[in-house]
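I'd like to go over a predicted model; first the sequence, then the structure.
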There are 4 protein chains.
Amino acid sequence: MPGNAFGQAFRIVTWGESHGPAIGCTIDGLPPRMPLSEADIQPHLDRRKPGQSRYTTQRREDDLVRILSGTFEGMTTGTPLALEIQNADQRSKDYSDIADKFRPGHADYTYWAKYGIRDYRGGGRSSARETAMRVAAGAVALKLLQHLLDDIKLRAALVEMGGDRIARENWDWEQVGANPFFCPDAPAADRWAKRLDAARKQGSSLGAVVEVVAEGFPPGLGEPVYDKLDADLAKAMMSINAVKGVEIGDGFAAAHLPGEENADEMRIQDEQVDFLSNHAGGVLGGLSTGQPLIVRFAVKPTSSILSPKRTVDRFGRETEIVTKGRHDPCVGIRAVPVGEAMMALVLADHLLRHRAQIGL
Amino acid sequence: MPGNAFGQAFRIVTWGESHGPAIGCTIDGLPPRMPLSEADIQPHLDRRKPGQSRYTTQRREDDLVRILSGTFEGMTTGTPLALEIQNADQRSKDYSDIADKFRPGHADYTYWAKYGIRDYRGGGRSSARETAMRVAAGAVALKLLQHLLDDIKLRAALVEMGGDRIARENWDWEQVGANPFFCPDAPAADRWAKRLDAARKQGSSLGAVVEVVAEGFPPGLGEPVYDKLDADLAKAMMSINAVKGVEIGDGFAAAHLPGEENADEMRIQDEQVDFLSNHAGGVLGGLSTGQPLIVRFAVKPTSSILSPKRTVDRFGRETEIVTKGRHDPCVGIRAVPVGEAMMALVLADHLLRHRAQIGL
Amino acid sequence: MPGNAFGQAFRIVTWGESHGPAIGCTIDGLPPRMPLSEADIQPHLDRRKPGQSRYTTQRREDDLVRILSGTFEGMTTGTPLALEIQNADQRSKDYSDIADKFRPGHADYTYWAKYGIRDYRGGGRSSARETAMRVAAGAVALKLLQHLLDDIKLRAALVEMGGDRIARENWDWEQVGANPFFCPDAPAADRWAKRLDAARKQGSSLGAVVEVVAEGFPPGLGEPVYDKLDADLAKAMMSINAVKGVEIGDGFAAAHLPGEENADEMRIQDEQVDFLSNHAGGVLGGLSTGQPLIVRFAVKPTSSILSPKRTVDRFGRETEIVTKGRHDPCVGIRAVPVGEAMMALVLADHLLRHRAQIGL
Amino acid sequence: MPGNAFGQAFRIVTWGESHGPAIGCTIDGLPPRMPLSEADIQPHLDRRKPGQSRYTTQRREDDLVRILSGTFEGMTTGTPLALEIQNADQRSKDYSDIADKFRPGHADYTYWAKYGIRDYRGGGRSSARETAMRVAAGAVALKLLQHLLDDIKLRAALVEMGGDRIARENWDWEQVGANPFFCPDAPAADRWAKRLDAARKQGSSLGAVVEVVAEGFPPGLGEPVYDKLDADLAKAMMSINAVKGVEIGDGFAAAHLPGEENADEMRIQDEQVDFLSNHAGGVLGGLSTGQPLIVRFAVKPTSSILSPKRTVDRFGRETEIVTKGRHDPCVGIRAVPVGEAMMALVLADHLLRHRAQIGL
């Protein structure tokens, strides 16, 4: 019942605080006889890793993942996969001056209100550190999707930073790996570099929008009513730290269209149903249409900034705070591989759930 | 595992098709010794009921709810509450000419792809008829919230129709009950009446945005990491028919703000933590802040429109379709009580989940 | 979380009290395109029905089951199946003199301790009436097993009454339908008739042991560690009213054997693994061996008897009670179809769970 | 959905094979601000540890548990508790000659049938090694029970070995810690020592019966219908390796009693309900009566014995096997602390589930 698990048939539980000895994850439900090793997971963690450019936090996290159970001779056994990452860089003292104060925009006050415990060492479970395990588990989910489906392709990109959107006509997936922002639009990446440099120097921060796209997911997957595929995707993305909005396909813009412009018409192409547009973002009635699944989510600007802010402490006293330390000026950047991972977890879970009821 | 249940500690399962003999819901987890009767539920169903103005479908649904178990002498017993509504108006023939065709924008094709069954009678489980049970269960959840919390207030309004937004400075909750759109801005309601009349006459339809607000929910409720309060709210709203986007607090607009403008500062007021703004929408780190919980969701325009659309049938043939029948020109209107109900279900569930782990 | 649901992939929720207007059940997870109608369920209910001989309660329960959703043109749709039985015979006054007293051996006191509500009308949810829905749901589970497996056979018998066991060498499945006790041993059935007549006349009651056998369940099904097939069967049987013990295969007798007599040796027969004995009862390490699954459970004697017993009432006063009314002198008899149903529910659930992870 | 988790509100997931680098467990749902350290867990592991007498396997397992997350300054934080034990003694070669053969009475064949993987290194997840994590998690559950309840006492004993039962009138809890069998009857312990020595020398093994008793668990806890307290206890015990039967209170013997002897009468003592006997074993209708909860389970004799047995290998060939290596001649002995642990897990879960719905 508590909130540290995700998925039903492909189910993960994560544990660990940013400043404990390690973080980890258990995956239950992974099919047996699937090739799997750390080499399938590590590259995804490396993409998320901080300290890769001046635009992400300079905290050093080696994030070397280790498989502790669930494989034998390079194959999954069908028993729980345990993943673990040692926490290498635990400079607790960075946080010592905020031990009693609640940082605005962070979960400090709400954790205190819920648990009555102030674990001031970097946010505990609410730290972005936890997303390393999402990425690790997502890599396993992606491997499973590739194992069971022929042509699944799952990618994400940053499509807006500080209110500056990419030009859709410039979209080039090759660019995503070529700049430090996962930006598919080269000119936008140049503009963002300047804006983010300026924000960083001012001790400010910027928000962003991430778009995740899955191609090759077959039609008819998902569940009706409450566990709709898009409902689970919305939950998955909204559960990522700092996310404040999620949309599918045209999303909020769909509310501006008249009905005749919004519904995607259908034709037959190569004996398959072919949609003439994809306003729906690949989901109708909670089930996949076979078109690309398209999800976007909004990430608020980092709350750890250099401007002093009014706040209170755990003794009920009014005070001020300046959040020093090593922080991302735009947490949205590192949310890109996290968004991919969450999409992979949702799709893997729904694939196995579908197989339970109906078979593949 | 299949998708017809919602919640964990306050758990509902719904059943029934739009054209079967009845629809129903079982609620497990309701505390005992709470006063409850049909009179607590019926008014909520009446607000959602179609046929109340020319802006909603003229289908007649009496929607008289009956409690079949779980109460004794006007009090809950702690055992499952069973709710049932007879389906009065089953004009199946309205749908007979679409028996083999897939309506664009509807779940017809995806249900066919998943289940291999074409239940053409009004959409089966994907019909908006299913939302009657969300409203009934939500009324019970609201009753529970009022039973356990002193000052909970849960309301919703339509804040945008066809791209035309209300003026926030005109917001008046009294107006919500005074026009057929649940619109809190009287001048906007007038504009919308004209636009929707025009759309209806043209056989077109409009999208909308609904805002749901809960006041008086205590700080520190929710779960960390995956079952964050906002993640569950996002899932809840996205699971409503025709919803394509969800946001919390400032939502997508938060991605445009610099960090120093987004974080909500804190002071002490009457020995309680008092926030100076509510960009966060009442949630930080997945836990409630004690401020109003504010969720918005986008509803696409009704897909049943009079313009002919290209589609295919279940034999793989290309064809055209015109969706006649009695349809809402703006399904967003009736989504207002549904959004309230989903918010109530999420809050009731998290309240009981919190009590399990920590007590109240 | 509350206890009115069973199963994960094939999941039922039941509702209804013995003296309310109806009882019902929702089944979520049923595959689509499986032929199903009331005629598949009713014969199982008829076997459980009271009032069929002088050895079971003379209460009249017509138990006519109705499918309210989840089928279309005689086939399952893959959406929730709702089953409902009207409660025909609600003679509440039979129970009026026990409104405040707790019947020894019944759940009266414990329900009061838990819920603080005294629903004196025949036990509420703790009534054996609830088992009608187990039988109805079990009939659907059996249908699913037959739909997906070639040669599944699931049967049960009464093997002991009042301490008098059948002779195993007399076992004849044909006899089970030929006497009012579901007894596979004709001479034992004759002895039991005399004993039970005597007990009934004295206002006493007898305990019994039920054996449930499933043949044709393939090897390798079940789950490791906590959700072992035998663990779920133990839970299923122990959850039946009045059951006090469960065993698999040799059960408690296995604890008397030395290791060399207990382990079942294996040979190859027709290219299949063939066990030379079945001490294990068809389960090793929580997974099926492919041999018959054999489960036995002990049912205590009916607690509603005519001898006066010391008890207390809900005002904390000491008193005496005589339970009049129409009661089974041996509730174990009617537990036979209930045991079959619970076995079917467990096997159907594990079959779908296995399919989720591994496929069939 | 897969079977490596237990509990709902107090939920554990375990991972790890007997011959991997480590085994571990994540506990989600633990309340915050409860004192907890490794010192609360280690003594329970030490009681289960093999190699403590000549009656248990001589395998060396240091079983030093480490808490990797979920505590801060000696208190629980309310976030997941991660426990880990390094596997010190991984002599894989002991098992090398059985790499292809299926050991009778073990899960070798059924794991092969399910997963298509032969992890021959000591049984993988089906190894009794897994029970170390049950004991560790159970120690945490016990700590929680003591934290929330005043006088909870939870103990277990071996009450039968190789068919030789203790004399109930000799029961002395002090004896349980004084002999290597957890036997409460000193003369029985002497007899068992001789029998087990003989069995061990012959390369044979003996079965046993364990009794677990919880005192001080309040009345009215548990759930109705499917998740009855006794149903969950039955599942918990049956899920322990080698267990073949479970009974509550009088258990199978209850089926021999007439109704007038079985029902426990009630009186008032110190303003509390006081039962005059405890045939029910502390549970009525799935809810606790407030009397001692009494559960017994039967453990089959160790299947790893020195007599050669007929079996088959994974290539479908008939062969013979002698299971050498270091094995317990009576696995029932080490099942005693495991039974305690499983009882603690069930009670902790039901306590939190009850608090969710009703409060404490």
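In hand now; what should we look at?

When you work out contacts or count neighbours from here on, use the C-alpha atoms and nothing else.
Will do.

Stretch A:118-136 and chain D in contact?
Yes. With C-alpha under 8 Å from any C-alpha of the partner chain as the criterion, chain D is reached by stretch A:118-136 at A:119, A:125.

Check chain A for the residue nearest chain C and tell me.
residue A:356 (4.0 Å; C-alpha to the nearest C-alpha).

Double-check that residue against residue C:349; I have them as touching.
No. Using C-alpha atoms under 8 Å, residue A:356 makes no contact with residue C:349, being 9.4 Å away.

what about these two, which has more around it?
Higher neighbour count among residue A:356 and residue C:349: residue A:356, with 30 against 26, using other C-alpha atoms under 10 Å in any protein chain shown.

Could you list every helix and strand in contact with the helix or strand that contains the residue of chain A closest to chain C?
Assessed by DSSP states H and E, residue A:356 sits inside helix A:331-358. Counting contacts by 3 or more C-alpha pairs under 8 Å, 6 or more residues apart in numbering or on different chains; DSSP states H and E, helix A:331-358 packs against helix A:42-48, helix A:131-148, strand A:153-161, strand A:208-215, helix A:229-238, helix C:331-358.

Would the helix or strand following the shortest one count as contacting chain D?
Reading on from helix A:42-48 to the C-terminus, the next helix or strand found by DSSP H and E is strand A:65-69. Yes. When contact is scored as C-alpha under 8 Å from any C-alpha, part of strand A:65-69 falls within range of chain D: A:68, A:69.

could you give the angle of strand A:65-69 to helix A:131-148?
70 degrees (axes from the mean of the first three to the mean of the last three C-alpha atoms, to 10 degrees).

Contacts (any at all) between chain C and strand A:65-69?
No. In terms of C-alpha under 8 Å from any C-alpha, no part of strand A:65-69 sits within range of chain C; the closest distance is 14.7 Å.

Give me the number of neighbouring residues for the residue of the stretch 251-360 of chain A found nearest chain D.
Closest residue of the stretch 251-360 of chain A to chain D, C-alpha to the nearest C-alpha: residue A:353 (9.6 Å). By the measure other C-alpha under 10 Å, the count of residues near residue A:353 is 30.

go on, residue A:193?
Other residues within reach of residue A:193, judged by other C-alpha under 10 Å, total 16.

Show me the strands in the stretch 251-360 of chain A, by range?
A:266-269, A:272-275, A:283-284, A:287-288, A:293-299, A:309-312, A:318-321 (DSSP state E, counting those that start in this stretch).

What strands line up against the first one, and which way round?
By that I understand strand A:266-269. Sheet pairing of strand A:266-269 (DSSP bridges) gives strand A:272-275 (antiparallel).

what's the overlap in contacts for residue A:356 and residue C:349?
residue C:9 (C-alpha atoms under 8 Å, 6 or more residues apart in numbering or on different chains).

coming back round to it: same list (the strands of the stretch 251-360 of chain A) but as a markdown table, adding mean neighbour count, mean pLDDT and distance to residue D:178.
Shown next, in a markdown table, are these (neighbours: other C-alpha atoms under 10 Å in any protein chain shown; pLDDT from 0 to 100; distance: least, C-alpha to C-alpha, whole Å):
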| stretch | mean neighbour count | mean pLDDT | distance to residue D:178 |
| --- | --- | --- | --- |
| strand A:266-269 | 18 | 96 | 78 |
| strand A:272-275 | 18 | 94 | 74 |
| strand A:283-284 | 28 | 98 | 66 |
| strand A:287-288 | 28 | 98 | 63 |
| strand A:293-299 | 29 | 98 | 62 |
| strand A:309-312 | 22 | 94 | 57 |
| strand A:318-321 | 17 | 93 | 60 |
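
Tell me which of these lies nearest to residue C:126.
The closest of these to residue C:126 is strand A:287-288. By C-alpha to C-alpha, the value is 39.3 Å.

Any idea which residue of the stretch 51-200 of chain A lies closest to chain D?
Closest point on the stretch 51-200 of chain A to chain D, by C-alpha to the nearest C-alpha, is residue A:69, at 5.0 Å.

Just give me the neighbour total for that residue.
26.

pLDDT on stretch A:232-246, on average?
On average, the pLDDT along stretch A:232-246 is 98.

How about that stretch and chain B, any contact?
Yes. Contact of stretch A:232-246 with chain B (C-alpha under 8 Å from any C-alpha) involves A:232-242, A:244-246.

if we look at chain D, which of those are close to it?
Among the residues of stretch A:232-246 next to chain B, chain D is touched by none when using C-alpha under 8 Å from any C-alpha.

Among the residues you listed, which pair sits farthest apart?
Once C-alpha to C-alpha is applied, the residues of stretch A:232-246 next to chain B give A:232 and A:242 as the farthest pair, at 17.9 Å.

neighbour-wise, which of the two wins?
Neighbours of residue A:232 and residue A:242, each counted by other C-alpha under 10 Å, are more numerous for residue A:232; the result is 30 against 27.

Go ahead and confirm that one touches residue B:235.
Yes. In terms of C-alpha under 8 Å, residue A:232 counts as a neighbour of residue B:235; the distance is 6.0 Å.

Which neighbours do those two have in common?
Counting by C-alpha under 8 Å, 6+ apart, nothing touches both residue A:232 and residue B:235.

end to end, how far does stretch A:200-219 reach?
44 Å (C-alpha to C-alpha, to the nearest Å).

Compute the mean per-residue pLDDT across it, please.
95.

For chain B, tell me whether that stretch is touching it.
Yes. Residues of stretch A:200-219 are located near chain B by C-alpha under 8 Å from any C-alpha, namely A:204, A:205, A:206, A:207, A:208, A:209, A:219.

quick one, what contacts the third one?
Residues near residue A:206 by C-alpha under 8 Å, 6+ apart: A:161-162, A:196, A:199, A:300-302, A:329-330, B:255-259.

So what's the predicted local confidence for residue A:89?
At residue A:89, the predicted lDDT confidence score is 63.

Please disregard the earlier target; I meant residue A:179.
So residue A:179 comes in at 95 (pLDDT).

That one reaches residue A:189, doesn't it?
Yes. Between residue A:179 and residue A:189 there is a contact at 6.9 Å, judged by C-alpha under 8 Å.

Who has more neighbours out of the two?
residue A:189 (24 against 16).

Where does that one fall, secondary structure wise?
Short version, using DSSP H and E: residue A:189 is in helix A:186-201.

Next, the angle strand A:153-161 makes with that helix.
Using the same axes, to 10 degrees: helix A:186-201 against strand A:153-161 is 60 degrees.

who's in contact with residue A:335?
So residue A:335 contacts A:48, A:210, A:240 (C-alpha under 8 Å, 6+ apart).

Measure how buried the closest residue in space to the first one that isn't next to it in sequence is and give me the count.
To tie it back to what came earlier, the one meant is residue A:48. Leaving aside its chain neighbours, residue A:48 sits nearest to residue A:334 (5.5 Å; criterion: C-alpha to C-alpha, 6 or more residues apart in numbering or on different chains). By other C-alpha under 10 Å, the residues close to residue A:334 number 24.

Could you measure from residue A:334 over to chain B?
Per C-alpha to the nearest C-alpha, to the nearest Å, residue A:334 is found 15 Å from chain B.

quick one: pLDDT of that residue?
93.
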